[in-house]
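In: requesting a structural model of the entry that follows:
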Amino acid sequence: MVSSEQRRKQLAREKYLRQQQRRAEARRRARIRNAAIAGGLVLVLGGGGLFAAAGGLEADDKKASDGASAQPSASAGSKAPDPCAKPAKGKPGGKQWKKEPKMSIDTSATYTMTLETTCGDIEIEMDAAEAPHTVNSFEFLAGEGYLDHTKCHRLVTEGIHVLQCGDPTGTGQGGPGYTIPDENLDDPRVKGGTYPAGTVAMANRYNAQTKEGRDSGGSQFFLVYKDSKLPPDYTPFGTVTGGMDVLKKIAAAGMTPDPQTGNTAPNATVVIDKATVRKE
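Out: Next up is the predicted model:
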């Protein structure tokens, strides 16, 4: 006859196994979602990117299915220490506009965008000559304070290596209300199928399989902290000239998958306290 203590231990064991199975399933779903970095106004990968992001996961998933022996990795769910400071006081404005702002930048000049984040400053040299609509849009949005107090809502640490920012809602679904055209897709730096570390590019809704969703960029962008294989479908408009150490610090803290939203949020509290654009 099973004693009450034995029954209690059995129930506790079964509960533990169910928890581990749920975590394993959450990891599996998160890794699949990483290949597409979710839908809406976010980075959407084509078939090539999906393959690259999914490569090498079979062995990990097999380990995760072992029930009690499965342990979530630091990058896929367990909370690492937060290496960043508390955000400055304030909330995202989230203002909307019906039309893309009129061109006002000097395309022969160099523009630098500075992101003052809770984790440190990131400097981005933007290419106005090759991506004038994109640079003009960020010059406008920064001037409006649109990026201030916004979270960088997605971190991808497997397959591709990017931090995604620019959404005041923090959900991956937000944007300024207008879209801008794709630009500079023939940039030789990304034409070979790799976005090198330091590249800053636009997120969009392009679907390489259906060929739909061109010219759908808004305010969301991603920063590449390690060479990442991606099809040349995302406007490269800048290069990180300062703060790569900040990006690596954020990546080292890992991310936590959210099964409900599909986001893989950085464990670090990454908030853009202030964004400014200056003409050099």
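In: and the residue most central in space within the chain, what are its phi and psi?
Out: The centroid of the chain falls nearest to Gln164 when counting by C-alpha atoms, centre = their mean (2.5 Å). Backbone torsions of Gln164, given as degrees, to the nearest 10, read phi -110, psi 130.
In: go on, Val246?
Out: Torsion angles, degrees, to the nearest 10, at Val246: phi -70, psi -50.
In: and the residue nearest to it when sequence neighbours are not counted, what does it touch?
Out: Excluding the flanking residues, the one nearest Val246 by C-beta to C-beta, 6 or more residues apart in numbering is Gly120, at 3.8 Å. Glycine gets a C-beta too; all of them are placed from N, C-alpha and C. Neighbouring residues of Gly120 by C-beta atoms under 8 Å, 6 or more residues apart in numbering: Gly243, Asp245, Val246, Lys249.
In: and the strands in the stretch 101-250 of the chain, which stretches?
Out: 111-117, 120-126, 150-151, 154-156, 162-165, 194-195, 199-202, 221-224, 228-229, 236-242 (DSSP state E, counting those that start in this stretch).
In: right, so the ones you listed: which one is the most enclosed?
Out: strand 154-156 (a mean of 29; mean count of other C-beta atoms under 10 Å).
In: show the average pLDDT along the longest strand that the chain contains.
Out: For the chain, the strand with the greatest residue count under DSSP state E is strand 271-279. Summarised as a single mean, pLDDT over strand 271-279 is 98.
In: partners of that strand, with directions?
Out: strand 111-117 (antiparallel), strand 150-151 (antiparallel) (DSSP bridges).
In: the stretch 101-250 of the chain: helices as residue ranges?
Out: 132-143, 244-252 (DSSP state H, counting those that start in this stretch).
In: of all those helices, which lies closest to Tyr195?
Out: Closest to Tyr195 of the helices of the stretch 101-250 of the chain, according to C-beta to C-beta: helix 244-252, at 13.5 Å.
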